[in-house]
Each structure stands twice: as C-alpha cells, then as structure tokens.
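Chemist: here is my input, please return the structure:
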Amino acid sequence: MGTPAIEIDRYVALSDAECDERIRAAKATLGDNLVILGHHYQREEVFKYADFSGDSLKLSKQAAQSKARYIVFCGVHFMAEVADIMSRPEQISILPDLAAGCSMADMANLAMVERAWQELARYIDVESAVTPVTYINSAADLKAFCGRHGGIVCTSSNARQVLEWSFQQKEKILFFPDQHLGRNTGYKMGIPLEQMVVWDFNQPRGGLTPEQIKQAKMILWKGFCSVHQMFQPQHIDNFLAKYPETKVISHPESMFEVCQKSDEVGSTEYIIKTVKASPAGSRWLVGTELNLVNRLAHECKPLGINVHFMSPTVCMCSTMFRTDPQHLLWTLENLVAGRVVNQIKVAPSETEQAKLALQRMFDVSP
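Modeler: Have a look, this model is predicted:
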C-alpha cells in the first residue's frame, strides 16, 4: 500500500479494445470486492461494465447493500459523494476521473447558499418560514446545510412528495440548484408562476424586491442543467409537424415551456419505463441526455417502438463523458495492485448532517 500509484499517463494512449480485456480481467480478480456503478447518462464504452445501472440514488442504495469493499462510480462527483454518505464505513467510494463534475451542481456552492440565506433573513424569518430543499444533484455540504436547517433532499422522481412535506413544515421553500425541476414540480402542484421567483446569485438580494421575497411561495435558484437547457419548444413543434402521432416525454430539468408541450414528464427511470411499456408502432420524442436516448432507441427497436432525440444538435453530458475506459482501467488495476486512487470521502460531520436530509427524503418518498 506504500508504493506509488500507477500513473494515468500509462493508460491514456490505450485503445478501447486494449482496455476491454484488461478491465474484464481486473474485474474478475477483484470479484465481490468490487462493484461498478453506471449512471444512465454514461457513455456506452463504460456503461457496459456496470454491475448496476440506474439513476444516482438507486445506484448508491445498491452499492451500500452489496458485499463490495470498493464502489467505483462511473458518474460524476456528487454521485460518488452520495455513495460515500450512504455506504458502510468499510466501503470506499471511487470516481475514475476527478474532473467528472456536474455543471448544475457547480452553480450552487455552500458559500453562495449561506449568503443567500443571510440575505433572505433580512426580509423574512428564514428559520421559521423557509424549508431549504436541495436536488440530489448537489454537493454533500449543501445536503448537510439542508440537514441542519430542517431541510431535505429530493430527486426528480420524488420532488412532489418532498415539496408537499416541505410546505407542511414551513410556508416557503428555497429550492436549489435547478430552477426548472422546482418550477415544473411547483406548477403541477398548483403554485402560480408569479409565486415562484428566481434567485439570481450574481445579484444583490438575488435580484428580487423585498415584496417579491415576502410574497413568494418558492424561491428558485438560478441554476440549470446544460444538457436539458438545450431543448426548446420549437424542437417539439418541428418534429410534430412531420410526425403528428408522436408522444413527447421530457425530463423535468427541461425548461417550463418544453415540459408544458410534453405528454409525459418524469425522471430517467420514468422515461425508460414509460417508453418501453408503450405498444409497438409508438413513436416518442425524448428530451433527456443523448447516451440514454440512444441506448433506449436501440433497446426499443426490436419492440417496434421508435425513439427520437429531441434536439437537432448533439447534447450530451460532457462532464459525465470524461469517464472513459482508460480511466476505469487505471482505477481497477491500481485496486488490483492494492492501491486506492481518487477516493471520494465526505467529512464525518457533513455525512451526519447530510444523512438527516436524506433520511427525511426516504421517510416521505413512496
């Protein structure tokens, strides 16, 4: 364990084909000590090695329940943090490429949220009036912030149940980092758009008047997913003009106007289940990440279901794309040699507070 790690430079020039045999050999050597998690948005060259696939929370649960000592998360940084928070003390969470982040998660950091909390406190009693809600796509310290302020975590699957619980606690919600998931969920619950204001973290007082803050039911962080932001209402209009029988399904990280034009709105798991359950001859326009849509189209083709990507331009999760077979092989061969690289470790104090917010979510989710 004291010898230096094998350098990544020895792997970057390897072809995917060269990596393939060695990845499979390393997996076989590590056996039950290893579990590889593959997020739906992961590129196919890496996704095929996953022992479990799904969304980030589902994967972390599966890893925690496994016998594995090493959890290699083929996803992005916040996902590996969640895996560390939820796993047993003896388990080690690893991210093959530390540069695999999330642009949305990066739009809200602890300093920014604490500053917003303090600014809001000048106009309302935040501790008694506001429930902070963070999307799972956020850093561990923001989950911990919610934990210590009576707040909660949500996913795209359980956002409505979480918001309903939050309003039972207090009259207002501060929702971060994705404004679209907050707005789309709140609107479905009957909250008028004018009562959902956007907090611009680059502006004093979030760019809002004291009156807007006092009257708001939801204060939405000015964050977004760069992939889902690409989808536009005209993409739907143009496709329906050509194929009017098409059903449209979108992820709730998409903008409000796109979700309003969609027949169905839901999480990645919901999109997959809904499309696969449709009858042969169905045609779907799907508004979510390209790797998932391509995989879904391939799996649905034998079923006679036509799946199309919503945007006319390529838009994939570029940070997720950073995890490649070369980084995965480097991670695994270091483990075979008894060395852990790129461990993701959340501080114990943050873990405890983040678990509070996560547990509240588990308690209110179906």
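
Chemist: can you map out the strands along the protein?
Modeler: Secondary structure of the chain, counting by DSSP state E: strands at 34-39, 52-54, 70-74, 92-94, 130-135, 152-154, 172-176, 196-199, 218-221, 247-250, 264-265, 283-287, 306-309.

Chemist: confidence-wise, which of those strands is weakest overall?
Modeler: Here the lowest mean pLDDT among those goes to strand 52-54, at a mean of 85.

Chemist: mean confidence score for stretch 342-350?
Modeler: Averaging pLDDT along stretch 342-350 gives 95.

Chemist: just stretch 95-104 next, same as before
Modeler: Stretch 95-104 shows a mean pLDDT of 86.

Chemist: now the strands of the chain in JSON lines, with mean neighbour count and distance to residue 141?
Modeler: For every residue, glycine as well, the C-beta is placed using N, CA and C. Below are these laid out as JSON lines (neighbours: other Cβ atoms under 10 Å; distance: least, Cβ to Cβ, whole Å):
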{"stretch": "strand 34-39", "mean neighbour count": "25", "distance to residue 141": "21"}
{"stretch": "strand 52-54", "mean neighbour count": "17", "distance to residue 141": "25"}
{"stretch": "strand 70-74", "mean neighbour count": "27", "distance to residue 141": "18"}
{"stretch": "strand 92-94", "mean neighbour count": "22", "distance to residue 141": "16"}
{"stretch": "strand 130-135", "mean neighbour count": "26", "distance to residue 141": "10"}
{"stretch": "strand 152-154", "mean neighbour count": "29", "distance to residue 141": "13"}
{"stretch": "strand 172-176", "mean neighbour count": "27", "distance to residue 141": "12"}
{"stretch": "strand 196-199", "mean neighbour count": "22", "distance to residue 141": "18"}
{"stretch": "strand 218-221", "mean neighbour count": "24", "distance to residue 141": "15"}
{"stretch": "strand 247-250", "mean neighbour count": "22", "distance to residue 141": "30"}
{"stretch": "strand 264-265", "mean neighbour count": "18", "distance to residue 141": "30"}
{"stretch": "strand 283-287", "mean neighbour count": "24", "distance to residue 141": "31"}
{"stretch": "strand 306-309", "mean neighbour count": "20", "distance to residue 141": "35"}
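
Chemist: and residue 41, how far is that from residue 342?
Modeler: 19 Å (Cβ to Cβ, to the nearest Å).

Chemist: please parse the protein into its domains.
Modeler: Annotated domains of the chain cover 8-100+319-346, 105-226, 228-309 [automatic domain parsing].

Chemist: can you tell me which of the ones you listed is nearest to residue 359?
Modeler: With Cβ to Cβ, the closest approach to residue 359 among these belongs to domain 105-226: 8.8 Å.

Chemist: start and end of the closest one, how far apart?
Modeler: 11 Å (Cα to Cα, to the nearest Å).

Chemist: so how far is that domain from its chain's centroid?
Modeler: Averaged C-alpha coordinates place domain 105-226 at 17 Å from its chain's average position (Cα atoms, centre = their mean, to the nearest Å).

Chemist: same question, stretch 252-266
Modeler: On the basis of Cα atoms, centre = their mean, stretch 252-266 sits 17 Å off its chain's mean C-alpha point.

Chemist: pull the longest helix from this protein.
Modeler: helix 348-364 (DSSP state H).

Chemist: pull out the buried positions in that helix.
Modeler: Using 16 or more other Cβ atoms under 10 Å as the test for burial, helix 348-364 gives 350, 351, 353, 354, 355, 356, 357, 358, 360, 361, 364.

Chemist: run through who's touching it.
Modeler: Applying Cβ atoms under 8 Å, 6 or more residues apart in numbering, the set of residues contacting helix 348-364 from outside is 82, 84-86, 134, 140-141, 143-148, 151-155, 158, 161-162, 164-165, 346.
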